[in-house]
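>>> below: sequence and its predicted model.
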Amino acid sequence: MTAKRVLHVTQVYAGGISRAIRSLVELTPEVEHHLLWAGNEEPDDSLPFATVHSMPQSPRRMAASVRRVQEVAALVRPDIVHAHSSFGGVYARLARIEAPVFYEPHCYKFDDGQQPVVLRGIYRLVEKGLAKRSKATVVLSPHEERLAKSLDAEASTYLLPNVATIAPSLEHPATGFQLPRDVFMIGRLTGQKDPRYFAAVAEEVHAIDPSISFRWIGGIDGEDDGRGARMQQQLETAGVRVLGWLNGDALAAELARPGLYFHSAHYEGFPLSLLDAAAFEHPLAVRQIPTFDGLDLPDARTPAQAARLVLEILDGGPARARAVAAAEHLNMTMNRDAQRTALRQLYTSV
């Protein structure tokens with residue numbers, strides 16, 4: 001039997017999205033994977049992509065990107081186009097191609113409550129207009145599935161559990177839930193991940209205990225218009241050490257350092273970084289957002305509340321046991337076997 005041929009399309013090959021694609025490729029070796037990409041990371045030569053193709057990174061070159069999808073699809077002749085994130089989804093669904101498009105938003109931009117109402121409305125209209133062009137929408141949480149159904153009540157959705165994309169090793173072992181006075185976050189320097197919120201938490205904590213250290217693992221996303229640089233400056237002013245983009249052994253080395261993982265994003269699909277931190281046995285706490293509903297993660301709404309939560313966990317209060325239990329629960333329920341099963345169902349559906 002001929003292997004199913006899948007073309008992955010993304011304009012943000014970096015951070016969580018590149019790690020998510022890596023996971024999909026590694027878990028379905030029976031599938032012939034191709035990649036059309038732009039982003040801040042070069043695709044890893046160790047990944048068994050049958051072919052790799054580049055595309056323009058700037059959203060301002062949308063017409064060229066759509067044409068590039070058409071060119072590569074004509075060359076590869078995929079059975080499925082798996083489009084990742086907002087712009088990848090726009091390009092693939094606007095392109096004149098025969099293959100069905102499976103769209104994985106990795107969080108909807110119109111779910112960004114910090115954007116002006118008019119702009120959110122525009123994002124929603126675009127998604128709604130393109131929804132019928134998706135053969136299926138690949139969602140990462142029940143919250144994201146509700147959003148997909150709000151765009152198209154008849155939408156076909158597949159819930160794909162995210163999994164950790166990096167594992168402990170002898171060289172970089174799990175921390176065993178040790179907890180020094182250190183707090184960290186992994187994410188791009190973008191409004192979605194909200195470095196300003198993380199900086200505010202650091203400031204609130206330092207006002208009470210300046211000995212606690214804060215780290216941000218991640219860097220500027222794509223073509224920066226100055227906002228990413230300003231976010232980095234805000235973090236550094238608040239006493240947060242910004243480490244930039246780390247991958248492979250460098251990321252594993254940071255994850256092997258004990259600390260409390262606090263996720264500051266204000267909207268999400270489901271963050272891989274949270275699962276990576278759980279895999280390395282870090283206690284977890286999060287900003288209160290709908291994505292995490294029902295998971296019993298220690299959470300807080302405001303930076304002041306988050307600072308109190310961080311201090312309670314670091315000081316061994318009641319929330320510490322919940323922070324450990326949350327990581328253990330994610331490790332048991334969001335794992336490679338569950339994702340492999342869901343992926344095979346997805347790719348054999350056409």
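Okay, I see it.

>>> what about the strands in this structure?
Listed in chain order, the strands of the chain (DSSP state E) span 5-10, 32-37, 51-54, 80-84, 101-104, 136-139, 157-159, 182-186, 213-217, 240-244, 260-263, 284-287, 299-300.

>>> so which of those gets nearest Q233?
With Cβ to Cβ as the measure, strand 240-244 is the member of the strands of the chain nearest Q233 (9.3 Å). All C-beta spots, glycine's among them, are computed from the backbone N, C-alpha and C.

>>> how does this protein divide up, domain by domain?
The chain breaks down by automatic domain parsing into domains covering 5-162+335-347, 182-333.

>>> thinking again about what came up before, could you dump the strands of the chain to JSON lines with mean neighbour count, distance to L151 and mean pLDDT?
Rendered in JSON lines, the data for the strands of the chain read as follows (neighbours: other Cβ atoms under 10 Å; distance: least, Cβ to Cβ, whole Å; pLDDT from 0 to 100):
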{"stretch": "strand 5-10", "mean neighbour count": "26", "distance to L151": "20", "mean pLDDT": "97"}
{"stretch": "strand 32-37", "mean neighbour count": "24", "distance to L151": "24", "mean pLDDT": "97"}
{"stretch": "strand 51-54", "mean neighbour count": "15", "distance to L151": "29", "mean pLDDT": "96"}
{"stretch": "strand 80-84", "mean neighbour count": "26", "distance to L151": "15", "mean pLDDT": "97"}
{"stretch": "strand 101-104", "mean neighbour count": "28", "distance to L151": "11", "mean pLDDT": "97"}
{"stretch": "strand 136-139", "mean neighbour count": "24", "distance to L151": "8", "mean pLDDT": "96"}
{"stretch": "strand 157-159", "mean neighbour count": "16", "distance to L151": "11", "mean pLDDT": "94"}
{"stretch": "strand 182-186", "mean neighbour count": "23", "distance to L151": "29", "mean pLDDT": "98"}
{"stretch": "strand 213-217", "mean neighbour count": "22", "distance to L151": "33", "mean pLDDT": "98"}
{"stretch": "strand 240-244", "mean neighbour count": "17", "distance to L151": "35", "mean pLDDT": "96"}
{"stretch": "strand 260-263", "mean neighbour count": "25", "distance to L151": "26", "mean pLDDT": "98"}
{"stretch": "strand 284-287", "mean neighbour count": "25", "distance to L151": "25", "mean pLDDT": "98"}
{"stretch": "strand 299-300", "mean neighbour count": "20", "distance to L151": "27", "mean pLDDT": "98"}
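
>>> could you dump those strands into JSON lines with distance to T333 added?
What follows is the strands of the chain, written out as JSON lines (distance: least, Cβ to Cβ, whole Å):
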{"stretch": "strand 5-10", "distance to T333": "26"}
{"stretch": "strand 32-37", "distance to T333": "26"}
{"stretch": "strand 51-54", "distance to T333": "33"}
{"stretch": "strand 80-84", "distance to T333": "23"}
{"stretch": "strand 101-104", "distance to T333": "20"}
{"stretch": "strand 136-139", "distance to T333": "16"}
{"stretch": "strand 157-159", "distance to T333": "12"}
{"stretch": "strand 182-186", "distance to T333": "20"}
{"stretch": "strand 213-217", "distance to T333": "24"}
{"stretch": "strand 240-244", "distance to T333": "29"}
{"stretch": "strand 260-263", "distance to T333": "17"}
{"stretch": "strand 284-287", "distance to T333": "14"}
{"stretch": "strand 299-300", "distance to T333": "18"}
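
>>> okay if I get the domains of the chain as a markdown table plus distance to S169?
Listed next are the domains of the chain as a markdown table, based on distance: least, Cβ to Cβ, whole Å:
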| stretch | distance to S169 |
| --- | --- |
| domain 5-162+335-347 | 15 |
| domain 182-333 | 7 |
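
>>> closest one to P173 among those domains?
Closest among these, once you apply Cβ to Cβ, is domain 182-333, at 6.0 Å.

>>> and A321, which of the strands of the chain is closest to it?
Proximity of these to A321 was assessed by Cβ to Cβ; the nearest stretch is strand 284-287, lying at 12.0 Å.

>>> residues making contact with that closest one?
Counting by Cβ atoms under 8 Å, 6 or more residues apart in numbering, the neighbours of strand 284-287 from elsewhere in the structure are 194, 197, 260-266, 274, 277-278, 292, 297-301, 306, 309-310, 313, 319, 323, 326-327, 330.

>>> elements contacting the helix or strand of the chain with the lowest mean pLDDT?
The helix or strand of the chain with the lowest confidence, counting by mean pLDDT, DSSP states H and E, is helix 15-27 at a mean of 89. Where contact means 3 or more Cβ pairs under 8 Å, 6 or more residues apart in numbering; DSSP states H and E, helix 15-27 is packed against strand 5-10, strand 32-37, strand 80-84, helix 272-279, helix 336-347.

>>> swap the cut-off to 6 Å and go again
Using 3 or more Cβ pairs under 6 Å, 6 or more residues apart in numbering; DSSP states H and E, the elements in contact with helix 15-27 are helix 272-279, helix 336-347.

>>> redo those as a markdown table? Include distance to V81, mean neighbour count and mean pLDDT.
Listed next are the helices and strands packed on helix 15-27 as a markdown table, based on distance: least, Cβ to Cβ, whole Å; neighbours: other Cβ atoms under 10 Å; pLDDT from 0 to 100:
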| stretch | distance to V81 | mean neighbour count | mean pLDDT |
| --- | --- | --- | --- |
| helix 272-279 | 22 | 25 | 95 |
| helix 336-347 | 12 | 16 | 91 |
